[in-house]
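Chemist: coordinates for the following, if possible.
(one chain, ligands or ions: 1)
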Amino acid sequence: MAKQQVPVKKNDMIEVEFQDITHDGAGVAKVNGYTLFVPSGLPGEKAKVKVLKTKKNYGFGKVIERLSDSEFRTTPQCPIYGQCGGCQLQHVSYEGQLNFKQKQVEDVLARIGHLKHVPVHPIIGMEDPWNYRNKAQVPVGENETGLIAGFYQRGSHRIIDMKACHIQEDTNDTVVRVVKEVATDLGIHAYDEKKHRGVLRHIIAKYGRQTEEVMVVLITNTKDLPHKKQLIEQLIERIPNVKSIVHNVNSQRTNVIFGKETNVIWGEPYIYDYIGDVKFAISAQSFYQVNPVQTKVLYDKALEYAQLTGEETVIDAYCGIGTISLFLAKKAKKVYGVEIVGQAIADAKRNARLNNIENAEFFVGEAEKVIPWWYKQGIQADVIVVDPPRKGCDEALLNTIIEMKPNRIVYVSCNPATLARDLRILEDGGFETKEVQPVDMFSQTTHVELVALMSRIDE
Ligand code: SAH
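Modeler: Numbers count the residues shown, from 1 in each chain. You can find the predicted model right below:
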């Protein structure tokens, strides 16, 4: 094969038309078949681009001047959108974001999974695609005016002060602002990462969307929290609905946020929230879905796909704090949940008790080891639900599912590429993909969630 010539070189100024957008939101342009990735370019737009770097098969550039605008281009809401790495699609209208995610899912299922025949339903978007995140977690720094808190500038550890994050619940912005002001007034200093000195490292705010309860977590480098009494007094006076104030000590030189020692310094150890009618206890360190409204939409779909009558045994693999398991338990005979993080399983058990759910059992371990072992013990699932991390299911687990022959598999995924790969393996093992439903859980970002239904093909 003839060696492909790279048609551009560094610092070239060229005119391109964008054809596509990558899964992380960069524009894709072709120059004589050679691919250039250019941040912010949208399909259909023409732009003058400067080439920044070339590799053998692809290169990178930046827009110098946009020559035409996509119908989906819009003005980002955040003044700091360009610096913060949190959102990738604020320059795209919400309609455009949903179109982009839909197309991405369809393309990936066809290309990686050879699943062109599978119906992909229109993505379910949010009614209001802003102010949805229920948890803020921000590093603290200091300048001439006092404490600052926000996010690290892209590619560095320089803290940019943030007044409001538009994908956050407003309450969490209030918590962060009040903590900054009160701590500044009391002369509490920020932790200095370089000198490994100072006090306040991180502020975390958690909010129960249904209950409106608020938790404040303060993480310090020091064992003591200076001016603790005044600090607590002012926080409870100024933060509406605060139910819990937690102090965590992290004296290590590390990027890990939490240290080992956690003390509830005021109020309750938990706040509560509901997804549907299932109640969840949220502690300082427990995992909880950040968009509970769309989580309900996603899990309702998973429940619908599971088609439970009350007679089924269900396995929920990668169950976390048991969110899906508890949702399903109300409609199933028995649910077995398995998850690798011990603390999450402790939370799952507590949440089962909290909801008087007695037909859900939870186990700590690797899904790919525990489920084959269950199978050997004679546990036979009618429905298997999986909700793995981005890398998808372990092959050993997929093989066990194929051997176990459940009637249905409900696959919840945060990564279309690994979903497509795993659906293909399961299809080759005797299952058929019936339908796929994308759900937008993370508006303004490129992330997309999906739920797929598979049925066993009867021999
Ligand atoms: N279904 C859960 C969250 C799923 S996120 C919910 O809705 O809350 C994926 C989960 O898989 C994480 O909790 C992670 O800790 C867990 N995990 C990762 N690898 C695993 C493995 N090999 N076996 C079991 N669980 C695993």
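Chemist: helix or strand right after the helix or strand hosting residue 423?
Modeler: Assigned by DSSP states H and E, residue 423 falls within helix 416-428. Counting by DSSP H and E, the next helix or strand C-terminal to helix 416-428 is strand 431-439.
Chemist: got the buried residues for that following strand?
Modeler: Going by neighbour count (16 or more other C-beta atoms under 10 Å), the buried part of strand 431-439 is 431, 433, 436, 437, 438, 439. C-beta coordinates here come from the backbone N, C-alpha and C atoms, glycine included.
Chemist: which residues does it contact?
Modeler: For strand 431-439, contacts defined as C-beta atoms under 8 Å, 6 or more residues apart in numbering pick out 101-102, 105, 109, 113, 115, 118-121, 123-124, 294, 297-298, 301, 305, 402, 409, 423, 426-427, 448-457.
Chemist: which pLDDT value goes with the closest residue to residue 349 other than its chain neighbours?
Modeler: Ranked by C-beta to C-beta, 6 or more residues apart in numbering and with sequence neighbours excluded, the top spatial neighbour of residue 349 is residue 362, at 5.5 Å. Per-residue pLDDT puts residue 362 at 98.
Chemist: is residue 362 in contact with residue 321, as I believe?
Modeler: No - using C-beta atoms under 8 Å, residue 362 makes no contact with residue 321, being 9.4 Å away.
Chemist: tally of neighbours for residue 285?
Modeler: 14 (other C-beta atoms under 10 Å).
Chemist: from what I can see it touches residue 262, true?
Modeler: Yes - counting by C-beta under 8 Å, residue 285 does reach residue 262; the two are 7.0 Å apart.
Chemist: the residue of the chain found nearest the ligand sits in which helix or strand?
Modeler: At 2.9 Å from the ligand, residue 320 is the closest residue in the chain, using C-beta to the nearest ligand atom. In the assignment (DSSP H and E), residue 320 maps to no helix and no strand.
Chemist: list the contacts for the spatially closest residue to residue 260 that is not a sequence neighbour?
Modeler: In this structure, residue 260 finds its nearest non-sequential neighbour in residue 249, 7.5 Å apart by C-beta to C-beta, 6+ apart. Counting by C-beta under 8 Å, 6+ apart, residue 249 makes contact with 219, 220, 221, 222, 223, 259, 260, 261, 262.
Chemist: how about the strand or helix carrying residue 107: buried residues?
Modeler: Using DSSP H and E, residue 107 maps to helix 94-113. By neighbour count on 16+ other C-beta under 10 Å, the buried set for helix 94-113 is 94, 96-102, 104-106, 108-109, 112-113.
Chemist: just stretch 161-172 next, same as before
Modeler: Buried, per 16+ other C-beta under 10 Å, within stretch 161-172: 161, 162, 164, 165, 166, 167, 168, 169, 171, 172.
Chemist: end-to-end on that stretch?
Modeler: 15 Å (C-alpha to C-alpha, to the nearest Å).
Chemist: let me see the mean pLDDT of that stretch.
Modeler: 94.
Chemist: ok, and what's touching that stretch?
Modeler: 77-78, 80, 84, 86-87, 130-136, 138, 141, 143, 148-151, 173, 176-177, 205-207, 209, 212, 214, 240-241, 443-445.
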